[in-house]
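> just coords:
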């Protein structure tokens with residue numbers, strides 16, 4: 001599994017990632033290179049997940065970001081990865097894990113502090 005932001009996805013693929021369509025394209029490229037699950041976070045634009053459906057076809061899932069007042073983006077990516085991992089560990093589907101992680105990071109950016117701004121499980 002690979003979880004990257006748009007800048008990292010661009011560096012890995014050699015392709016620009018400025019919007020959702022770019023992320024879909026780059027996610028599919030990375031997936032086709034053998035990464036079973038690719039997640040690209042796009043900040044206020046949301047996130048995408050690329051994997052294979054049960055028939056082996058490439059599946060691209062988009063999750064819109066919540067509209068929030070951003071006060072501090074420090075550790076938003078770490079929050080996303082942690083929440084995504086928690087959701088998968090709890091048995092949530094990748095689609096539900098993407099939604100869960102996007103929600104967690106939306107809460108994080110409304111709070112100051114890298115660690116102190118992270119949401120608790122009960123907040124989600």
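In hand now; what should we look at? Worth saying up front: this structure is predicted, and the values here are computed from it rather than measured. Numbering: from 1, shown residues only.

> Does residue 31 touch residue 50 like I think?
Yes: in this structure residue 31 lies within contact range of residue 50 using Cβ atoms under 8 Å: 4.5 Å. No exception for glycine: its C-beta is placed from N, CA and C like everyone else's.

> shared neighbours of those two, which are they?
Common contact partners of residue 31 and residue 50 (Cβ atoms under 8 Å, 6 or more residues apart in numbering): 37, 38, 58.

> Enumerate every residue touching residue 118.
Residue 118 neighbours (Cβ under 8 Å, 6+ apart): 75, 79, 82, 108, 111.

> quick one: which of these is most hemmed in?
Neighbour counts for the contacts of residue 118 (other Cβ atoms under 10 Å) peak at residue 108, which has 28 neighbours.

> Just to check, that one is in contact with residue 115?
No: using Cβ under 8 Å, residue 108 makes no contact with residue 115, being 10.4 Å away.

> Quick check: neighbours shared by those two?
Among the neighbours of residue 108, those also in contact with residue 115 (Cβ under 8 Å, 6+ apart) are residue 75.

> can you list the domain ranges for the chain.
Domain assignment for the chain, taken from automatic domain parsing, gives 1-65, 67-124.

> With mean pLDDT as added columns, please give these in JSON lines.
JSON lines is the format used below for the domains of the chain (pLDDT from 0 to 100):
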{"stretch": "domain 1-65", "mean pLDDT": "96"}
{"stretch": "domain 67-124", "mean pLDDT": "96"}
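
> On the three-state scheme, the nearest residue to residue 53 once chain neighbours are set aside is what?
Setting aside the residues directly before and after it, residue 53 is nearest to residue 59 in space (Cβ to Cβ, 6 or more residues apart in numbering), at 4.4 Å. What DSSP: H, G, I helix; E, B strand; the rest coil gives for residue 59 is strand.
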